[in-house]
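> Whatever this is, show me its structure:
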Amino acid sequence: MHFRPPFLRALFLFAFVGAAICAQAQKPKTKVVLYKERLAAQFDTVDCVKNAFKINPLLFFRGEIPLYYEHALTPRLSLEVGIGVTLRNYLALSFVGDDADDFGAGTEIVPNLSYRMGARYYLVDDIEPQGTYLQTEYAHLAYTKDIRAKGSDGVFIDATYRDERTYNDVRLFFGYQTLGVSNNWLVDIYGGVGFRSRNQIIVNETLDLNTDTYKYEVTESSDNVPALFLGVKLGLGF
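Predicted structure coming up:
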């Protein structure tokens, strides 16, 4: 009986110390939760950049002229869509699974609509859409041209052949986007990999030296290839 009060006091002291340690351990988590709640509240109330229009100048050399629109849903999640037109492809980039347009005179480029849509997740907390990010995207591209045939004298005749390359991509990007300190101009640098489904109608022109005539072979093919991407977008946020 004489040991009970000291024992109770020791037990009470142990419980008090344990509760204090637990409270200290929970403080960082509480701070993180409060910070994220405050950031979300600022995102909903503060006048900040939540939208952006962008262009991708380097894609011009691949015969694509898209316009992008990004809309921030939360401080970390945004959606990006793009619509554009495909024209002449000037570059033969084997690492993205496409070919340059080899035909010059006698070739009529047929413009096609291109489009893409994706979701972007920023890896850092920021009230505006900037910082490092991961993005998944679906894209549709089609390159079409009508090729006039040549006669035995090398002069174009009325016969034409249609060459068409249709690409459907699933892409994964890692990038970094930054807004200007004193303005809303932005730079978006990215790179990534993709899975490309190709449906192609390929026209091959050859000159038969024995008969001195041009021959045209039309080949249809469908396959799947990997693709690599690297680019820079320029834009304006609002």
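
> Below-threshold pLDDT in the protein: ranges please.
Within the chain, the segments meeting pLDDT under 70 span 1-46, 93-98, 102-103.

> Look up which helix or strand Asp153 falls in, please.
Asp153 belongs to no helix or strand when assigned by DSSP states H and E.

> what's around it, how many residues?
8 (other CB atoms under 10 Å). Where you see a C-beta, it was placed from the backbone N, CA and C, and this is true even at glycine.

> likewise Ala92?
Neighbours of Ala92 under the rule other CB under 10 Å: 11.

> For it, which non-adjacent residue is closest in space?
Excluding the flanking residues, the one nearest Ala92 by CB to CB, 6 or more residues apart in numbering is Ala100, at 4.0 Å.

> what about the strands in the chain?
In the chain, the strands defined using DSSP state E lie at 51-55, 64-72, 77-86, 107-110, 112-122, 131-150, 156-179, 185-208, 213-237.

> if I look at the residue nearest to Ala92, how far off is Val124?
For Ala100, the distance to Val124 (CB to CB, to the nearest Å) stands at 39 Å.

> Among those two, which residue is more densely surrounded?
The neighbour comparison of Ala100 against Val124 (other CB under 10 Å) goes to Ala100, with 14 against 11.

> Phi first, then psi, for the more buried one.
The phi and psi values for Ala100, taken as degrees, to the nearest 10, are phi -80, psi 160.

> Name all residues that make contact with the residue nearest to Ala92.
Contacts for Ala100 (CB atoms under 8 Å, 6 or more residues apart in numbering) come out as 89-92.

> Out of the residues you listed, the closest to Leu179 would be?
Taking CB to CB as the measure, Leu179 lies nearest Leu91 of the contacts of Ala100, at 30.2 Å.

> I'd like to know how many residues surround the closest one.
A count of nearby residues for Leu91, using other CB under 10 Å, gives 14.

> and the nearest residue to Arg76 once chain neighbours are set aside, what does it touch?
Closest residue to Arg76 apart from its sequence neighbours, by CB to CB, 6+ apart: Tyr122 at 4.7 Å. Going by CB under 8 Å, 6+ apart, Tyr122 touches 75-78, 129-133.

> can those residues go into TSV with extra columns for distance to Ala142 and neighbour count?
Output for the contacts of Tyr122, formatted as TSV (distance: CB to CB, whole Å; neighbours: other CB atoms under 10 Å):
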residue	distance to Ala142	neighbour count
Pro75	36	21
Arg76	34	20
Leu77	30	13
Ser78	27	22
Pro129	30	28
Gln130	33	20
Gly131	34	16
Thr132	32	11
Tyr133	28	21
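
> thought Leu172 was touching Pro226?
No: counting by CB atoms under 8 Å, Leu172 stays clear of Pro226, with 11.4 Å between them.

> Could you list the domains of the protein?
For the chain, the structural domains run 1-46, 48-237, going by automatic domain parsing.

> Can you give me the end-to-end span of the longest one?
The first and last residues of domain 48-237 sit 9 Å apart, counting by CA to CA, to the nearest Å.

> For the nearest residue to Gly131 once chain neighbours are set aside, give me phi and psi.
In space, and not counting its chain neighbours, Gly131 is closest to Val124: 3.8 Å by CB to CB, 6+ apart. Its backbone dihedrals place Val124 at phi -130, psi 150, with angles given as degrees, to the nearest 10.
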